[in-house]
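> Sequence and computational prediction follow.
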Amino acid sequence: VELVQSGGGLVQAGDSLKLTCTASGRPFTNYAVGWFRQAPGQKREFVAAISVSGGNTSYAESTKGRFTTTRDNTKKTAYLQMNSLKPEDTAVYYCAAQFAVIDVPLSMRYEYWGQGTQVTVSS
């Protein structure tokens with residue numbers, strides 16, 4: 001599975017951004033999708049995840065209530081809607097995909113990764 005991301009940028013605190021992750025190759029409906037981020041000098045951290053059907057999601061405590069992940073399997077695309085952005089959300093954001101046989105969101109062990117997109121939130 002190849003993942004191509006888009007949608008990052010520079011915004012002010014309180015603004016919103018929507019990231020897109022489009023897959024090609026193997027059937028997207030067989031893959032759970034996760035979102036991760038890495039700030040300079042920091043380890044990569046889990047942000048959100050969505051199950052193969054889109055019916056189940058999970059979020060990091062730091063993003064719960066502000067971020068929403070969805071997917072459109074007909075378009076082979078997953079989305080991360082980020083609202084009420086804070087300066088501490090500044091990072092490179094990655095989407096990832098992992099083959100899944102059960103319909104649960106995964107917070108780790110992803111095999112395929114997007115190229116990353118920069119999100120910068122100014123105060």
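Noted; the coordinates are in hand. Residues are numbered from 1 along each chain as shown.

> Not counting sequence-adjacent ones, nearest residue to residue 21?
residue 95 (3.4 Å; CB to CB, 6 or more residues apart in numbering). Placement of C-beta: from N, CA and C, glycine included.

> how close does the one you found get to residue 9?
Distance, residue 95 to residue 9, by CB to CB, to the nearest Å: 16 Å.

> Give me the residue at the spatial middle of the chain.
Centroid-nearest residue in the chain: residue 35, 2.8 Å away (criterion: CA atoms, centre = their mean).

> wait, that one sits on residue 91?
No: Residue 35 lies out of contact with residue 91 (CB atoms under 8 Å); the separation is 10.8 Å.

> gap between the closest residue to residue 44 other than its chain neighbours and residue 72?
Closest residue in space to residue 44, ignoring its immediate chain neighbours: residue 38 at 4.2 Å, by CB to CB, 6+ apart. For residue 38, the distance to residue 72 equals 26 Å [CB to CB].

> picking up where we left off before, with neighbour numbers in mind, choose between residue 95 and residue 9.
Set side by side, residue 95 and residue 9 show more neighbours around residue 95, with 30 against 13, by other CB atoms under 10 Å.

> which element is that one on?
Counting by DSSP states H and E, the element that carries residue 95 is strand 91-99.

> what does residue 4 give?
strand 2-6.

> just the helices in this protein please.
Under the criterion DSSP state H, the chain carries no helices.

> what are the ranges of the strands in it?
2-6, 9-12, 17-24, 31-38, 45-50, 57-59, 67-72, 77-82, 91-99, 112-113, 117-122 (DSSP state E).

> Turn the ones you listed into CSV, columns for mean pLDDT and distance to residue 106.
Output for those, formatted as CSV (pLDDT from 0 to 100; distance: least, CB to CB, whole Å):
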stretch, mean pLDDT, distance to residue 106
strand 2-6, 96, 15
strand 9-12, 97, 27
strand 17-24, 97, 15
strand 31-38, 97, 5
strand 45-50, 97, 5
strand 57-59, 97, 8
strand 67-72, 98, 12
strand 77-82, 98, 13
strand 91-99, 97, 6
strand 112-113, 96, 12
strand 117-122, 98, 21
